[in-house]
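Engineer: Please work out how this folds:
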Amino acid sequence: MYRTVLARRAALVRPAALARPAQSLKPAFGRMYSDGRSEGSVATSQGFGKREKAQEDIFIREQEKAKLEKLRESLKAQREEIARLEAEHDQLAEKVAGEGTKSK
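Structural biologist: Numbers count the residues shown, from 1 in each chain. I've put the predicted structure just below:
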């Protein structure tokens with residue numbers, strides 16, 4: 001009789017233990033959290049950060065150089081256009097001035 005009471009108690013206790021939420025189960029190993037830095041172990045060296053910064057600076061400088069070259073070419077084309085328009089204006093001004101003296 002004593003065994004049956006224990007068996008009944010065990011049957012009643014087991015479903016409650018199995019019904020526990022998964023949060024209460026502990027993993028075999030704890031989670032490993034980083035110290036907040038996003039770099040890897042290689043990136044923690046000082047030389048790596050400096051080299052990466054230098055490469056970025058070189059890339060930006062090259063991009064700016066290309067933009068400046070385009071602007072210089074555009075400026076040169078605009079100056080040539082202005083010179084052409086001024087020459088055309090001067091020719092028209094001389095023509096108008098010459099017609100004005102002929103009619104008098």
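
Engineer: From now on I want contacts and neighbour counts done on CA atoms only, so please keep to that.
Structural biologist: OK.

Engineer: can you give me the helices for this protein?
Structural biologist: Secondary structure of the chain by DSSP state H: the helices cover 2-18, 46-102.

Engineer: Find the one among those with the highest mean neighbour count.
Structural biologist: helix 46-102 (a mean of 12; mean count of other C-alpha atoms under 10 Å).

Engineer: can you give me the mean pLDDT across it?
Structural biologist: Averaged across helix 46-102, pLDDT comes to 92.

Engineer: For residue 86, see how far away residue 75 is.
Structural biologist: 16 Å (C-alpha to C-alpha, to the nearest Å).

Engineer: oh, I was asking about residue 94
Structural biologist: 12 Å.

Engineer: Ok, residue 69 next?
Structural biologist: Between residue 69 and residue 86 the computed distance is 26 Å (C-alpha to C-alpha).

Engineer: And residue 61, by the same measure?
Structural biologist: Taking C-alpha to C-alpha as the measure, residue 61 falls 37 Å from residue 86.

Engineer: ditto for residue 92
Structural biologist: In terms of C-alpha to C-alpha, residue 92 sits 10 Å off from residue 86.

Engineer: Residue 79 too?
Structural biologist: For residue 79, the distance to residue 86 - C-alpha to C-alpha - is 10 Å.

Engineer: again, but for residue 80
Structural biologist: Here the criterion is C-alpha to C-alpha. By it, residue 80 lies 10 Å from residue 86.

Engineer: same thing with residue 62?
Structural biologist: Going from residue 62 to residue 86 by C-alpha to C-alpha gives 36 Å.

Engineer: and if you look at residue 77?
Structural biologist: 14 Å.

Engineer: Repeat that for residue 66.
Structural biologist: 30 Å.

Engineer: same deal with residue 57?
Structural biologist: 43 Å.
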